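Chemist: One predicted model, sequence on top.
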Amino acid sequence: RFGLEEGLAAAMSSLEALRAYVTGPDTGSQVAAATTYRLVLTHSNLTRTSFPELRVDAADTLAEVRRRVYLATGTPAESQRLQLKTSSGSLLADLPVGNDELPICKFDIRDGFVLHVVDTDPNSTSARGGLEDLRLVDKYVMSDADYDRRENTARRYKQKMREIDSQWTFSQQGKTTPADVSDDYVVGARCELSPGGRR
């Protein structure tokens, strides 16, 4: 009987600990292992892009970190110069190139440090705003002749409506009001409100 009471007390203690964990304050992130560090990732060419935090384990090699940086930024490992900075931006270390088997823990990293990627490729797609400046993107321009050959365009619709009423404009669209609202709408019926769902 004494063993049963101890077992129940231990189970209740475990349940209370679980309840406290589940209902405790939200930390905004999952609980990480003691050797896992969350780094803020920044990029020399991608100044307007925000990246998700980069989680690294103390045992991860520089090669593994470079691989994950490539997946997040698109900058190939051979074009990366990695800088480790404090959360305030002070440079702590330039991570060496060619020594990719070194573990990241050799650089005394901490949660919240910044891993800044300098893209050394002068022809990189991201250089000079290539991935962020929409003015640099070639837009598709359709000629008037090509547009006129298409069906179901706004121009065709406008022509069709002008054949019916020469004074018709898009601004008149949908502004007709029935003489008696009950002619078009059933009194007491449900309706859909926008935005929102059925009422």
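Modeler: Yep, it's here. Please read these numbers as outputs of a predicted model, since none were measured by experiment.
Chemist: Which helix in this structure has the most residues?
Modeler: In the chain, with assignment by DSSP state H, the single longest helix is helix 2-23.
Chemist: List of residues touching the next helix or strand after that helix?
Modeler: The helix or strand immediately downstream of helix 2-23 is strand 36-43, counting by DSSP states H and E. For strand 36-43, the surrounding residues in contact (CB atoms under 8 Å, 6 or more residues apart in numbering) are 29, 32, 49, 51-58, 69, 72-73, 75, 87, 104, 109-117, 119, 126. (Each C-beta comes from the backbone N, C-alpha and C, glycine too.)
Chemist: which among these end up buried?
Modeler: 51, 54-56, 69, 72-73, 75, 104, 109, 113-117, 119, 126 (16 or more other CB atoms under 10 Å).
Chemist: what's the angle between the strand or helix carrying Gln83 and strand 36-43?
Modeler: Using DSSP H and E, Gln83 sits in strand 80-85. For strand 80-85 against strand 36-43, the angle by axes from the mean of the first three to the mean of the last three CA atoms, to 10 degrees is 120 degrees.
Chemist: Show me how far strand 80-85 is from its chain's centre.
Modeler: Mean-position distance between strand 80-85 and its chain equals 23 Å (CA atoms, centre = their mean, to the nearest Å).
Chemist: and it, which strands flank it?
Modeler: When sheet partners are counted by DSSP bridges, strand 80-85 sits next to strand 91-94 (antiparallel), strand 114-119 (antiparallel).
Chemist: so which of those gets nearest Arg81?
Modeler: Closest of these to Arg81 is strand 114-119, at 4.1 Å (criterion: CB to CB).
Chemist: Going toward the C-terminus from the closest one, what's the next helix or strand?
Modeler: Next element after strand 114-119 (DSSP H and E): helix 144-149.
Chemist: So for the following helix or strand past that following helix, what gets flagged as buried?
Modeler: With elements assigned by DSSP H and E, the helix or strand that comes after helix 144-149 is helix 154-164. Applying a neighbour-count criterion of 16+ other CB under 10 Å, helix 154-164 contains no buried positions.
Chemist: For helix 154-164, which outside residues touch it?
Modeler: Tyr147, Asp148, Arg150, Trp168, Phe170.
Chemist: tell me the phi and psi of the fourth one?
Modeler: As for Trp168, its main-chain torsions (degrees, to the nearest 10) stand at phi -60, psi 140.
Chemist: so how far is Gln159 from it?
Modeler: Distance of Trp168 to Gln159, computed by CB to CB, to the nearest Å: 10 Å.
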